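Peer 1: here's a sequence, model it:
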Amino acid sequence: RHYVDRGHTVLARRWRGRSGEIDLIVEKDARISFVEVKTARNIAQAALSLRPAQAQRIARAAQEFLGTRSTGLDTECAFDVGLTDHKGACEIIENAFFFE
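Peer 2: Presented below is the predicted three-dimensional model:
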């Protein structure tokens, strides 16, 4: 809902490629955001649950997804993390990680 309320178009939910799954893929102004959603008892614990190996897997899956687009790897993109707790609180960290 956070992204739709801000004018993004949802391209995929739980997109699965050979490299793994991406929870949410959204687009706005030709920029694609790959969103990993983490849930825990509280927001702080959710933030700590994203591991480097998982971030790398998401990056590989994102490359695979971008390969299906006409602009390919030249597409502007970001990697966000959506943090939620069991009470429904939500926090989005935009550009939570990046790759060179």
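Peer 1: SS state for Ser70?
Peer 2: Each residue gets one of three states, and Ser70 gets coil by DSSP: H, G, I helix; E, B strand; the rest coil.
Peer 1: per-residue pLDDT of it, please?
Peer 2: If you check Ser70, the pLDDT there is 85.
Peer 1: okay, and for this protein, where does confidence drop off?
Peer 2: Applying pLDDT under 70 to the chain flags the ranges 98-100.
Peer 1: quick check: closest non-adjacent residue to the residue nearest the centre of it.
Peer 2: The structure's the chain has its C-alpha centroid closest to Val35; by Cα atoms, centre = their mean the separation is 1.3 Å. Counting by Cβ to Cβ, 6 or more residues apart in numbering, the nearest residue to Val35 once its immediate chain neighbours are dropped is Leu24, at 4.0 Å. Where C-beta positions appear, they are placed from N, C-alpha and C, glycine not excepted.
Peer 1: the one you found and Gln63, how far apart?
Peer 2: Remark: distance between Leu24 and Gln63 (Cβ to Cβ, to the nearest Å) = 17 Å.
Peer 1: which residue ranges of this structure form helices?
Peer 2: All helices of the chain, identified by DSSP state H, fall at 2-5, 43-48, 52-66.
Peer 1: closest to Ile93 out of the ones you listed?
Peer 2: Ile93 lies closest to helix 43-48 among the helices of the chain, at 7.5 Å (Cβ to Cβ).
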